[in-house]
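Enquirer: 3D, please:
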Amino acid sequence: CSQSVMQECMMTDAAPVHFSIAADGLWAEVLRQRQPLIVNDYAGFAVKRGYPEGHVGIQRFLGVPIFNGDRIVAIGAVANKETPYDEWDIQAFTTYLHEMWNLVEQSRRQEHIVNLSRILSSIRNINQLIVREKDPQEVISQACRMLVDTRGSSGAIIILTGPDGKPKQYAQAGFEESFTSLAGQLQQGKLPPCCLETSEAASVHRLTEKSEACAACPLMLSDKHFQSLLLPLRTDTEMYGYLITSSEASIEHDEEELGLLEEIAGDIAFGLYSIEQERLRKESEEKFATAFQSSPDAISIAKLKNGEYLAVNDAYSRISGFTREELLGSDATHLNIWDSEEQQQEIIETLQKGKKFSGRELVFRTKSGERRIWLTSNEFITLEGEPCVLSVHTDITERRKAEADAAAEAERRHILMDRSGDGIVILDGDGKVTEANTRFCEMLGYTPEEIKELHVWDWEYEYSREQLLALLSELHSEDHIESQHCRKDGTVYDVE
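Expert: Below you'll find the model as predicted:
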């Protein structure tokens, strides 16, 4: 409106007026006819609808639509010329309006460039943020501030959700005290309605003051006219939450700007994903390191190409006799740990074929030169692109020595028993034969194979099974018992 009109206008309500194309008069008639409209006798104009109280009186009227292609983008109007409006007025006013519209478009293009520049600056700053910052709360707090300071948004909110979809962290910038009520809802595990009603398929969801989804939102308590954009924070596999930006309703968001905002949301989501993956990787490494060092088995990791030790646990140092410092950076060949180069080559060839070398008993030498038997398993792994061998060893030298000693003792006892002229039998706690010499088999008339299937009551003639079991439980090495035995052929003989 011109200054002279504003001086004469007595309207007290300065709120914007929204016209109905179907129901309103002069302005809507220009839209309906899609051509200039001249009214030189407003009182006799058939479709007039009047004007608000306090409005400047109208006698004559000229309205001209401004087209952008086939679309009417604006309407200009003048009124109350002293002489009637004619075609010359239409041409002159149309030319004026087009020049004005060109200036508006030029201003919008410049504003658009500025907006894109701000968004690109936000993208750069946020990318730098997610590279250096490893705390999710810091990422979302600083990202909100960057969107307000750099992009020029009036406010920004980021809400992170858990696997159950409920809010677990949040940050904001630009809303300050008006955010208090929403913060209370988030702390109670309640998402704003706009987040709940946003389609998972939608990349950008537009929110306005007329949106039913926002009716209960504390941010709607402001009397300012605004528009907001809601963007999901997600990667291809994970949903992390929501980004909400708010700006004045007069600011338009074209597809290019929306695309860049989507890129910002994607960058924030990827940053959160990277932080989560790094956390999981560290947890996995800590668990492996704990299991690696605390294992009672000797464990080592060495390069496949030259055997250089990359890691050893305490048990490996203990059973090999070398300190960790002596082992790391060296290899088993130079330390003379391999007892046989053929064994080493066999393991390498097996692993290179993609097979495991598992559960083999090999002889190794300790630092002192002592040969020890290790139960060995080796597996091919890759560390930071380097082919390596993970080896697990159990020192079974003492076990094998004990087994050999037991076998030798059993052989010695067997020889002594067979050379004895007396019949000798060894029973277990249930009275079953575990061992018997040749003379005992001859006395009863059974073969060695048959005798091992018998119990003491199978040949005992005087005592019952129950009595024999009682005797076995009470019998001492110095006890002397006289009885009778029954041979396989049924004959009975005296024994002691």
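
Enquirer: look up how far Glu256 lies from Ile244.
Expert: 20 Å (Cβ to Cβ, to the nearest Å). Quick note: C-beta positions are derived from backbone N, CA and C, even for glycine.

Enquirer: settle it for me: which of these two has more neighbours?
Expert: Ile244 (24 against 12; other Cβ atoms under 10 Å).

Enquirer: check contacts around the more buried one.
Expert: Going by Cβ atoms under 8 Å, 6 or more residues apart in numbering, Ile244 touches 156-159, 192, 194, 207, 228-231.

Enquirer: now swap in Thr333 and tell me
Expert: By Cβ under 8 Å, 6+ apart, the neighbours of Thr333 are 307, 341, 344.

Enquirer: equivalent analysis for Gly429, please.
Expert: Gly429 touches 472-473, counting by Cβ under 8 Å, 6+ apart.

Enquirer: do that again at 7 Å, thanks
Expert: By Cβ atoms under 7 Å, 6 or more residues apart in numbering, the contact set of Gly429 is Leu472.

Enquirer: three-state assignment of it?
Expert: Assigned with DSSP: H, G, I helix; E, B strand; the rest coil, Gly429 falls in the coil class.

Enquirer: mind checking pLDDT for it?
Expert: Listed pLDDT for Gly429 reads 82.

Enquirer: can you name every helix or strand that the host helix or strand of Glu111 contacts?
Expert: Element membership of Glu111 [criterion: DSSP states H and E] is helix 87-132. Packing partners of helix 87-132 (3 or more Cβ pairs under 7 Å, 6 or more residues apart in numbering; DSSP states H and E): strand 61-68, strand 71-79, helix 136-146, helix 255-294.

Enquirer: picking that back up, out of the contacts of Thr333, grab the one that's most surrounded.
Expert: Gly307 (19 neighbours).

Enquirer: that one and Glu361, how far apart?
Expert: 20 Å.

Enquirer: please verify my assumption that Tyr446 contacts Lys488.
Expert: Yes - the criterion here is Cβ atoms under 7 Å, and Tyr446 meets it with Lys488 at 5.5 Å.

Enquirer: what comes up buried for stretch 434-443?
Expert: 435-437, 439-441, 443 (16 or more other Cβ atoms under 10 Å).

Enquirer: in helices only, show me those residues.
Expert: 439-441, 443 (DSSP state H).

Enquirer: any chance of the residues you listed in CSV with distance to Ile348 and pLDDT as columns?
Expert: As requested, those are exported to CSV (distance: Cβ to Cβ, whole Å; pLDDT from 0 to 100):
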residue, distance to Ile348, pLDDT
Arg439, 56, 87
Phe440, 55, 87
Cys441, 54, 88
Met443, 60, 89
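
Enquirer: now render those as a markdown table, adding distance to Asn40.
Expert: A markdown table is the format used below for these (distance: Cβ to Cβ, whole Å):
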| residue | distance to Asn40 |
| --- | --- |
| Arg439 | 147 |
| Phe440 | 143 |
| Cys441 | 142 |
| Met443 | 147 |
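
Enquirer: for the residues you listed, which one is nearest Gly44?
Expert: Lowest distance from Gly44 to these (Cβ to Cβ) belongs to Cys441, with 141.5 Å.

Enquirer: touching, the closest one and Thr447? I think so.
Expert: Yes - Cys441 is within contact range of Thr447, at 6.5 Å (criterion: Cβ under 7 Å).

Enquirer: report the angle between the helix holding Glu111 and helix 255-294.
Expert: Counting by axes from the mean of the first three to the mean of the last three Cα atoms, to 10 degrees, helix 87-132 lies at 10 degrees to helix 255-294.

Enquirer: which residues in the stretch 301-450 of the chain form helices?
Expert: Listed in chain order, the helices found in the stretch 301-450 of the chain under DSSP state H, counting those that start in this stretch are 314-320, 324-327, 341-352, 397-419, 438-444, 448-451.

Enquirer: tell me which of these sits most buried.
Expert: Comparing these by mean neighbour count (mean count of other Cβ atoms under 10 Å), helix 314-320 ranks first with a mean of 19.

Enquirer: what does it contact?
Expert: By Cβ under 7 Å, 6+ apart, the list of residues contacting helix 314-320 reads 293, 295-300, 323-324, 327, 337, 366-367, 372, 393, 395.

Enquirer: pLDDT-wise, which helix or strand of this protein ranks last?
Expert: Every helix and strand in the chain was compared by mean pLDDT, DSSP states H and E; the lowest is helix 3-8, with a mean of 54.

Enquirer: which residues does Glu360 bridge with?
Expert: For residue 360 the amino acid is Arg, not Glu. Beta bridges link Arg360 to Thr376, judged by DSSP bridges.

Enquirer: that one contacts Thr376, doesn't it?
Expert: Yes - if you go by Cβ under 7 Å, Arg360 and Thr376 touch, sitting 5.4 Å apart.

Enquirer: those two - which one has more neighbours?
Expert: Thr376 (19 against 14).

Enquirer: which pLDDT value belongs to the more buried one?
Expert: 89.

Enquirer: was I right to think it contacts Val363?
Expert: No - if you go by Cβ under 7 Å, Thr376 and Val363 don't touch, sitting 10.1 Å apart.

Enquirer: follow-up on the earlier one: identify the farthest-apart pair in the buried residues of stretch 434-443.
Expert: Glu435 and Met443 (15.1 Å).

Enquirer: now do the strands in the stretch 151-300 of the chain.
Expert: 155-161, 167-173, 205-208, 226-234, 239-248, 298-303 (DSSP state E, counting those that start in this stretch).

Enquirer: the second one relative to helix 136-146, how many degrees between them?
Expert: The one in question is strand 167-173. Using the same axes, to 10 degrees: strand 167-173 against helix 136-146 is 30 degrees.

Enquirer: what does the fifth one give?
Expert: With the same axes, to 10 degrees applied, the angle from strand 239-248 to helix 136-146 works out at 20 degrees.

Enquirer: what about Gly329, how many neighbours?
Expert: 9.

Enquirer: so how far is stretch 262-282 off the chain centroid?
Expert: Centroid displacement of stretch 262-282 relative to its chain, using Cα atoms, centre = their mean, to the nearest Å, is 9 Å.

Enquirer: pull the residues that contact that stretch.
Expert: Contacts of stretch 262-282 (Cβ under 7 Å, 6+ apart): 122-123, 126-127, 130, 134, 136, 139, 143, 203-204, 231-235, 238, 240, 243.
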